[in-house]
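S.K.: Quick one, fold the following:
(2 chains)
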Amino acid sequence: MRADRKVGIVGWGVYVPQWRIRSEELARGWGRDWKRYAAGIMVEEKSVPGLDEDTFTIAYEASVNALRRARIDPSKLRAVYVGTESKPYAVKTTATMLIEALGAGGEDRLTTGADYEFACKAGTEAIQSIIGLIGSGMIDYGLAVGADTAQGAPGDALEYTASAGGAAYILGPAEESIAIIEASLSHVTDTPDFWRRQHERYPAHTRAFTGEPAYFKHIMTAAKKLMGLIGTTPDDYDYAIFHQPNGKFPLRVGTRLGFTPDKIKPGLITPYIGNTYSGSALVGLAAVLDQAKPGQKILVVSFGSGAGSDAFHIEVNDKIEEVRDLAPKVMDYVNRKRYVDYTTYARYRRMIRMLHDFSAY
Amino acid sequence: MWAYWQSVPAHWREIPARYRLEGGECQDCGYRMIPREDICPKCGSRNVKPINLPRKGNVVNYTVIWNAPRGYEYYTPYVIAIIELEDGTRLTAQLTDVEPSDVKEGMEVEMVLRKTRVSGESGLIAYSYKFRPLIK
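M.R.: Numbers count the residues shown, from 1 in each chain, chains lettered A, B, ... in the order given. Reported below is the predicted structural model:
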């Protein structure tokens, strides 16, 4: 898909909570042999949201960082979309709070706002929508956020990866952008690899079925179709970012597509902070923008269970150097860390049910 | 449980201050305050306009809360500090992302937006400014 009017990234920002739990500590909590059970996932440790953090607070700080780089007045934002599968309210849009906190849409708050849900690709779905709004000339600037405090059931394999964090992207006209989104494409099917039913605290998944027919098929289809559409090959790209449910899948899917590991590793952040779900591929893209040089080309392919993928062809221009240092980088947040043990983790994730309802919060 | 619920309209009225650090500036004597008041506490003028206060400041003084009021028990121990913002405006706020033993007077802090109070399983989630040690 290409818009009539070219659209690009004007600013980007991320946020990752400071708390970490080591994969080995999670295995210890359940009496498992870490080497046999969890080492193969290639996630050393994962971020844990603090007691006073949730998807909104994560989205807020990532958005403030994006605004610093975008150097625009927040009143110019006319679309604010939050992609997440851990909404603070089941019914009450996170975007309303974000719009109010940022002052988007000016004093009269003349902006569209919505929460997107598509498992781990809700954030890139929000980007697709905003490309359409800017590309058609309806608006000039929009904010897309992918943020989560992901749930993994205690003792389940997902507990080793489900983490917290997010990334925010302000899109705008190409002439003001630090990187231009030359083309994008989405691919969606009904593939039940992972879901969470209404009122359930934790998601269910289909183990190995989440790989081949879900993650690999959708990412490879979207990547190949996009490259076919614009006539590029893996050799044309300097960086490739794929959704990162663990440390090994992105390298495997990238290699199958023909990308060398050195193009994938700069955007591979999951091994240090876990899978931030809607933030996953977008935090990876931010890590690449933190170091990309003018003229470089980036392929981003997200994946959301259920299932689908969004693919983007992005070209960096020389404006990136002016804005890169205006906000903390991905590695600033990755390196800002304090460890918790399983007990504190259980408290922070509110896995402990208290006797009195009021004191449980 | 309802006894522990906070007033929703009271929270809603304070959203500009809590989310955006919107205070008041007296147009006659220049005194700044948060929350904004209709009458300047310094000169008595009624000419007070809203203003977004700076997001960085220093810890002037602080205390550690071990016995929290209802609705805040889950967060203990936490720190309440008097903060002087870059423009000299002072306010009281919670500190976050910091061990009570690491807090020092004069410490540089910046505003973040965090959950302050959650009314049970079905009530309102209140967010407000808190301050944390400067990241960058």
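S.K.: do you know how far the residue nearest to B:Leu91 when sequence neighbours are not counted is from chain A?
M.R.: Distances taken as CB to CB, 6 or more residues apart in numbering or on different chains place B:Ile34 nearest to B:Leu91, at 5.0 Å, with adjacent residues excluded. To be clear about C-beta, it is placed using only N, CA and C from the backbone, and glycine gets the same treatment. Applying CB to the nearest CB, to the nearest Å, one obtains 16 Å for the distance of B:Ile34 from chain A.
S.K.: Pop out the phi and psi values for B:Ile34.
M.R.: For B:Ile34, the backbone dihedrals (degrees, to the nearest 10) come out as phi -150, psi 130.
S.K.: what residue ranges in the chain are flagged as low confidence?
M.R.: You didn't say which chain, so I picked chain A. Where chain A drops to pLDDT under 70, the residues are A:354-361.
S.K.: wait, I meant chain B there
M.R.: Chain B contains residues with pLDDT under 70 at B:1-5, B:136.
S.K.: middle-most residue in it, spatially?
M.R.: A centroid search over chain B (CA atoms, centre = their mean) returns B:Ala93, at 3.8 Å, as the residue closest to the centre.
S.K.: Show the contacting residues for that one.
M.R.: B:80-81, B:83, B:129-131 (CB atoms under 8 Å, 6 or more residues apart in numbering or on different chains).
S.K.: repeat that for 7 Å
M.R.: B:Ala93 makes contact with B:81, B:83, B:129-131, according to CB atoms under 7 Å, 6 or more residues apart in numbering or on different chains.
S.K.: quick one: it is in a helix?
M.R.: No. Judged by DSSP: H, G, I helix; E, B strand; the rest coil, B:Ala93 forms no part of a helix; its state is strand.
S.K.: bridging residues for residue 118?
M.R.: You didn't say which chain, so I picked chain A. A:Cys120 (DSSP bridges).
S.K.: that answer is for a different chain, and I need it for chain B
M.R.: B:Ile125.
S.K.: sorry, back to before: could you list everything the residue nearest to the centre of chain B pairs with in the sheet?
M.R.: Applying DSSP bridges, one finds that B:Ala93 bridges with B:Ala81.
S.K.: Does A:Val48 touch A:Val340 like I think?
M.R.: Yes. With contact defined as CB atoms under 7 Å, A:Val48 reaches A:Val340; the gap is 6.1 Å.
S.K.: Neighbours of the residue in the stretch 201-350 of chain A that chain B sits nearest to, how many?
M.R.: Nearest to chain B, among the residues of the stretch 201-350 of chain A, is A:Pro328, at 4.6 Å (CB to the nearest CB). Using other CB atoms under 10 Å in any protein chain shown, A:Pro328 has 19 neighbouring residues.
S.K.: Wait, a helix at it?
M.R.: No. Using three-state DSSP, the assignment for A:Pro328 is coil, not a helix.
S.K.: Regarding chain A, what is its longest helix?
M.R.: In chain A, ranked by residue count with DSSP state H as the criterion, the top helix is helix A:55-70.
S.K.: Kindly check the end-to-end length of stretch B:64-79 for me.
M.R.: Stretch B:64-79 has an end-to-end distance of 5 Å (CA to CA, to the nearest Å).
S.K.: Can that stretch be said to contact chain A?
M.R.: Yes. Against chain A, stretch B:64-79 shows contacts by CB under 7 Å from any CB of the partner chain at B:70-71, B:73-75.
S.K.: quick one: secondary structure of A:Glu182?
M.R.: The three-state label given to A:Glu182 by three-state DSSP is strand.
S.K.: Could you tell me how far it is located from chain B?
M.R.: 32 Å.
S.K.: okay, now that residue: neighbour count?
M.R.: 18.
S.K.: for A:Pro192, same thing?
M.R.: Count around A:Pro192 with other CB under 10 Å applied: 15.
S.K.: Return the residues in contact with it.
M.R.: Contacts of A:Pro192 (CB under 7 Å, 6+ apart): none.
S.K.: any idea how far it is from A:Ala153?
M.R.: According to CB to CB, to the nearest Å, A:Pro192 and A:Ala153 sit 18 Å apart.
S.K.: next one: A:Asp310
M.R.: Relative to A:Ala153, A:Asp310 is positioned 27 Å away (CB to CB).
S.K.: Look at those two and report which has more neighbours.
M.R.: More crowded of A:Asp310 and A:Ala153, by other CB under 10 Å: A:Asp310, with 29 against 16.
S.K.: residues near the spatially closest residue to the more buried one that is not a sequence neighbour, how many?
M.R.: Spatial nearest neighbour of A:Asp310, excluding adjacent residues (CB to CB, 6+ apart): A:Thr124 at 3.9 Å. Neighbour count for A:Thr124, taken as other CB under 10 Å: 32.
S.K.: what's the answer for the one 10 residues further on, then?
M.R.: Using other CB under 10 Å, A:Ile134 has 26 other residues around it.
S.K.: Let me know whether my guess that it is in a strand holds.
M.R.: No. Using three-state DSSP, the assignment for A:Ile134 is helix, not a strand.
S.K.: residues in contact with it?
M.R.: A:5, A:7, A:140, A:142, A:171-173.
S.K.: Check A:Ala168 too.
M.R.: A:Ala168 touches A:12-13, A:59, A:62-63, A:65-66, A:143, A:145, counting by CB under 7 Å, 6+ apart.
S.K.: re earlier: can you select the buried ones from the contacts of A:Ile134 in ChimeraX?
M.R.: In ChimeraX, this line selects whichever of the contacts of A:Ile134 come out buried by 16 or more other CB atoms under 10 Å in any protein chain shown:
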select /A:7,140,142,171,172,173
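S.K.: Among the contacts of A:Ile134, which pair sits farthest apart?
M.R.: The most widely separated members of the contacts of A:Ile134, counting by CB to CB, are A:Arg5 and A:Gly142 (13.1 Å).
S.K.: part of a strand, is A:Asp115?
M.R.: Yes. Counting by three-state DSSP, A:Asp115 falls inside a strand.
S.K.: isn't it right next to A:Pro88, touching?
M.R.: No. Taking contacts as CB under 7 Å, A:Asp115 lies outside contact range of A:Pro88: 9.9 Å.
S.K.: interface residues of chain B facing chain A?
M.R.: Along chain B, the residues adjacent to chain A under the rule CB under 7 Å from any CB are B:1, B:4, B:15, B:19-20, B:70-71, B:73-75, B:96-97, B:112-115, B:118, B:120-121, B:125, B:127, B:130, B:135-136.
S.K.: The residues you listed in strands, which ones?
M.R.: B:112-115, B:118, B:125, B:127, B:130 (DSSP state E).
S.K.: hang on, the residue nearest to A:Asp310 in a strand?
M.R.: No. Going by three-state DSSP, the assignment for A:Thr124 is helix, not a strand.
S.K.: Let me see the contact set for it.
M.R.: A:Thr124 touches A:146, A:281-282, A:302, A:310, counting by CB under 7 Å, 6+ apart.
S.K.: if you set the cut-off to 10 Å instead, what comes out?
M.R.: A:83, A:116, A:118, A:144, A:146, A:169, A:184, A:186, A:243, A:278, A:280-282, A:285, A:300-304, A:308-312 (CB atoms under 10 Å, 6 or more residues apart in numbering or on different chains).
S.K.: Now do stretch A:332-341: distance from first to last residue.
M.R.: Distance across stretch A:332-341, first residue to last, is 23 Å (CA to CA).
S.K.: which residue ranges form the helices in the stretch 101-250 of chain A?
M.R.: Along the stretch 101-250 of chain A, counting by DSSP state H, counting those that start in this stretch, helices occupy A:122-135, A:217-230, A:249-257.
S.K.: between those, which one is nearest to A:Leu26?
M.R.: Of all those, helix A:249-257 sits nearest to A:Leu26, with 19.1 Å by CB to CB.
S.K.: which other residues reach that closest one?
M.R.: A:41-42, A:210-211, A:215-220, A:223-224, A:227, A:233-234, A:240-244, A:246, A:259-261, A:263-265, A:267-271, A:275, A:280-281, A:284, A:299, A:301, A:303.
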